[in-house]
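>>> I would like to see how this sequence folds:
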Amino acid sequence: MKRRTLLALTACAAAIGLSASAFAAEPLKIGFVYVGPVGDAGWTYAHDQGRLAMEKELGAKVKTTFVESVPEGADAERVIRKLVAEGNKLIFTTSFGYMNPTEKVAKSAPGVVFLHATGFKTGKNMGTYETRLYEGAYLNGVIAGKMSKTKTLGFIASFPVPEVIRNINAFTLGAQSVNPAIKTKVIWVNSWYDPAKERQAAETLVAQGADVMAQNTDSPATLQVAQEKGVYAFGWDSDMSKFAPKAHLTAATNYWGGYYTEAAKAVLAGTWKPTEVHGGMKEGMVKMSGLNAVVPADAAKLFEEKKAALTAGTLSPFTGPIKDQSGAVRYPAGAVVPLKDLLTMNFYVQGVEGSIPK
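Next up, the predicted model:
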C-alpha cells in the first residue's frame, strides 16, 4: 500500500513538472541554543541576526528554530536533547558554558552535527567556532587611551573564562599602546546578561574614577550609565549607539551570518568535517561600528590605521613585550602569543587592577 501511495505521489509530482527528488526534498532542520534573550542588543542578538541572514541566503533549504535564555548547565543538556528529538540535524550552542552538555549529547547523537561557540572541545560530530573579538577590544582600547582624562578605564566582566580575560587584556593593551599610564579597573557581575547588575557595576566604576568603560556583558546598561554620568563607553557584540548616542564611541561587533551559512551548506552537501574556526576582521567576522564624532581626528586616524593592519593580518593585539600584573615578562618583545595560550589565558596583563575570581 505504501509503495502504491509513493508511486501515485511521484506521478502527481511529475505531472506538474517536479522531479521525484525535488518532491522528496526536506529542509535541513537547524536548532540554536541562546544564553540570553534575542532582544539583549548584544551577544544573543548578534547570533540571531546571523541565523536570520542564513535563512535569507538558503531559503527553503533550511528550517531553523531557537531556544533563548537557556542557563548554562543541566538545563542546557535538556534543551539540546529536545532539539535532537525534534529532528534537528545541525545544532549551534552559543555560549562557553554549553561546552560539556554539547559534548555529552553529541556522543549520544552521532547523526547530528553540533557546533559550539567559544569552547575548545571537539569530536567526530562536534566542532567549535568563535570570533577574534579581542581585536575589537584592542581597538576600543586605542580609542579609550586617547579619550581618557583620568587614565582610569572601567570594565564590566561576566564570567572569568579565557574569552573574557582575553578581552580585558586586549582592551588594556590597546589603551596602553597610546598611553602607558592607563589602568583598568574590573568588576565581575557573574552573568552574561543582567542589566541591573551591569548598571550597578558601571556606576561603581564611574565613582572610582573611570571615565571610559568597556564590557563583556550583553545589555546596553553600561552605555546608559555612561551617558547619564557624562563619560564614555563602547557597544559590545552589536552596535548599541541608539541606546546612548552621546556616550557610544564605537562597538566591536560579531557577524555570524556568513559562518552559519557555510556550515549549513557543508551539512547539506554531506561535506562537513569537525573544524575549529577563529574568525576575525580579516575574515569579516568582526567589524567595528562607526566612530562617534567626538573622537579627535588624530585618534580616529590611528584607529583606522590599526584596524587596517588587523584586517590585513599584519597586527596582532597580543604581541610582546607582555608583562603580567607582577611585572614578569610573559612574552618577550616581538613574540606573538600563540593561539593555544590565548584559548587558555588565565592572567591579567600589567595595568589591570584586582584579581581574577576563582
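
>>> tell me who's in contact with Ser191.
Contacts for Ser191 (Cβ atoms under 8 Å, 6 or more residues apart in numbering) come out as 158-159, 197, 217. C-beta: built from backbone N, CA, C; applies to glycine.

>>> if we go to 6 Å?
Each residue near Ser191 by Cβ atoms under 6 Å, 6 or more residues apart in numbering is listed here: Lys197.

>>> which of the three states applies to Ser219?
coil (DSSP: H, G, I helix; E, B strand; the rest coil).

>>> renumber starting at 639 from here on
Got it, the first residue is 639 from now on, which makes the last one we talked about Ser857.

>>> so how many other residues sit close to the residue lying closest to Asn892 once chain neighbours are set aside?
Spatial nearest neighbour of Asn892, excluding adjacent residues (Cβ to Cβ, 6 or more residues apart in numbering): Ala684 at 4.4 Å. Ala684: 23 surrounding residues under other Cβ atoms under 10 Å.

>>> from Glu914, how far out is Ala684?
Taking Cβ to Cβ, to the nearest Å as the measure, Ala684 falls 20 Å from Glu914.

>>> swap in Glu706?
From Glu706 to Glu914 the distance is 26 Å (Cβ to Cβ).

>>> now swap in Met878 and tell me
Met878 sits 29 Å away from Glu914, going by Cβ to Cβ.

>>> tell me which of those two has more neighbours.
Neighbours per residue (other Cβ under 10 Å) separate Met878 from Glu914, with Met878 holding more: 27 against 13.

>>> what backbone torsions are found at the more buried one?
phi -110, psi 20 (degrees, to the nearest 10).

>>> excluding chain neighbours, what is closest to it?
In this structure, Met878 finds its nearest non-sequential neighbour in Pro858, 4.6 Å apart by Cβ to Cβ, 6+ apart.

>>> wait, that neighbour touches Ser879, no?
No. If you go by Cβ atoms under 6 Å, Pro858 and Ser879 don't touch, sitting 9.4 Å apart.

>>> wait, is Glu841 part of a strand?
No. Applying three-state DSSP, one finds Glu841 to be helix, outside a strand.

>>> who's in contact with it?
Counting by Cβ under 6 Å, 6+ apart, Glu841 touches Val863.

>>> mind checking pLDDT for it?
pLDDT, Glu841: 98.

>>> where's the residue lying closest to Val705 once chain neighbours are set aside relative to Val915, distance?
Distances taken as Cβ to Cβ, 6+ apart put Val717 closest to Val705, at 5.1 Å, once the chain neighbours are dropped. Going from Val717 to Val915 by Cβ to Cβ gives 23 Å.

>>> got it, and Phe941?
Between Phe941 and Val915 the distance is 26 Å, computed by Cβ to Cβ.

>>> output the below-cut-off pLDDT ranges for the protein.
Residue ranges of the chain with pLDDT under 70: 639-662.

>>> okay, now the domains of it?
664-770+894-917, 772-891+925-980 (automatic domain parsing).

>>> between the two ends of the last one, how far is it?
Start to finish, the residues bounding domain 772-891+925-980 are 10 Å apart (Cα to Cα, to the nearest Å).

>>> ditto for stretch 705-716
This stretch, stretch 705-716, spans 11 Å end to end (Cα to Cα).

>>> can you give me the buried ones in that stretch?
For stretch 705-716, burial by neighbour count (16 or more other Cβ atoms under 10 Å) applies to 706, 708, 710, 714-715.

>>> from these, which land in helices?
Secondary structure defined by DSSP state H assigns 714-715 of the buried residues of stretch 705-716 to helices.

>>> quick one, which of the domains of the chain gets closest to Val987.
When the domains of the chain are compared by Cβ to Cβ, domain 772-891+925-980 sits nearest Val987, at 4.6 Å.

>>> mind listing the helices for the protein?
According to DSSP H, the helices that the chain contains are 640-653, 658-662, 681-696, 712-723, 737-746, 772-785, 800-814, 833-845, 859-867, 895-907, 935-950, 977-980.

>>> quick one on the thing from earlier: neighbour count winner among Val717 and Val915?
With neighbours defined as other Cβ under 10 Å, Val717 and Val915 compare such that Val717 has more, 19 against 16.

>>> just checking, that one touches Val708?
Yes. Using Cβ under 6 Å, Val717 is in contact with Val708, at 5.1 Å.

>>> tell me, what's touching these two both at once?
In contact with both Val717 and Val708: Val671, using Cβ under 6 Å, 6+ apart.

>>> ok, the closest residue to Ala973 other than its chain neighbours to Leu811 distance?
Excluding its sequence neighbours, the residue lying closest to Ala973 (Cβ to Cβ, 6+ apart) is Gly958, at 4.1 Å. Separation of Gly958 from Leu811 (Cβ to Cβ) stands at 10 Å.
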